[in-house]
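K.L.:
Structure of the sequence below:
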Amino acid sequence: MLIDISDKAIDPWQWLARAQAQLISSGALKQHRFGASANFIGTMRDFNDDQTIQAMELVHYPSMTKKELENILHEALTKHAILQAAITHRIGKVSPSDTLVVVAVWSAHRNAAFEACREIMEALKHRAPFWKKEHTDKGARWVAKNTQG
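P.N.:
Numbers count the residues shown, from 1 in each chain. Have a look, this model is predicted:
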């Protein structure tokens, strides 16, 4: 498992390449055993609830967040026939079109990778303790709930 939480911009393609290389070099992922990977890249939208969003701040409690992300990945590794999984999530101030989250899953077969990737992302949206403050042209507001789908 690999978990990164950063206040720096995320280049999803560079992060995915580094994550895979790190998992292979550490022995956590055997290169010849995976035949599929599934990835999800989430970016910040410039709208929510019929308002234009100019920026957003993401805050969290580091130890609580890391523990919950570990739980989410462990559950996916236990439930699905996947070899490894990884998450990176942005915190701090972000702008529309910035990458917020990347979920990656490696498996021998695509179905397990797809299912696990979707399940990890859904669990992350509903359980991970990140709080979002949107900045709109009408002022700032805390996001009360995550969007669905």
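
K.L.:
so where do the helices sit in the chain?
P.N.:
Remark: helices assigned in the chain by DSSP state H are 12-26, 62-79, 110-127.

K.L.:
What does the pLDDT read for K145?
P.N.:
According to the model's per-residue confidence, K145 sits at a pLDDT of 73.

K.L.:
Now the residue in the chain sticking out farthest from the centre: closest residue in space, sequence neighbours ignored.
P.N.:
If you look at how far each residue of the chain sits from its centre, by CA atoms, centre = their mean, the farthest one is K138, at 28.7 Å. When the adjacent residues along the chain are set aside, K138 lies closest to Q51, with 6.5 Å between them (CB to CB, 6 or more residues apart in numbering). Backbone N, C-alpha and C define where each C-beta goes, glycine included.

K.L.:
Sketch out the low-pLDDT regions of this protein for me.
P.N.:
Low-confidence segments of the chain, defined by pLDDT under 70: 146-149.

K.L.:
hmm, try it at 90
P.N.:
Counting by pLDDT under 90, the chain contains low-confidence residues at 30-34, 48-51, 137, 144-149.

K.L.:
re earlier: how near is the residue nearest to K138 to H135?
P.N.:
Q51 sits 10 Å away from H135 when distances are taken as CB to CB, to the nearest Å.

K.L.:
Please verify my assumption that A28 contacts A86.
P.N.:
No. Because the distance of 9.7 Å does not satisfy CB atoms under 8 Å, A28 is recorded as not touching A86.

K.L.:
So those two - more neighbours on which side?
P.N.:
Set side by side, A28 and A86 give different neighbour counts by other CB atoms under 10 Å, the larger being at A86 (26 against 14).

K.L.:
Quickly note the distance from the more buried one to W142.
P.N.:
When distances are taken as CB to CB, A86 and W142 turn out to be 28 Å apart.

K.L.:
ok, now R33?
P.N.:
Using CB to CB, R33 is found at 44 Å from W142.

K.L.:
Could you do H60 as well?
P.N.:
Counting by CB to CB, the gap from H60 to W142 is 13 Å.
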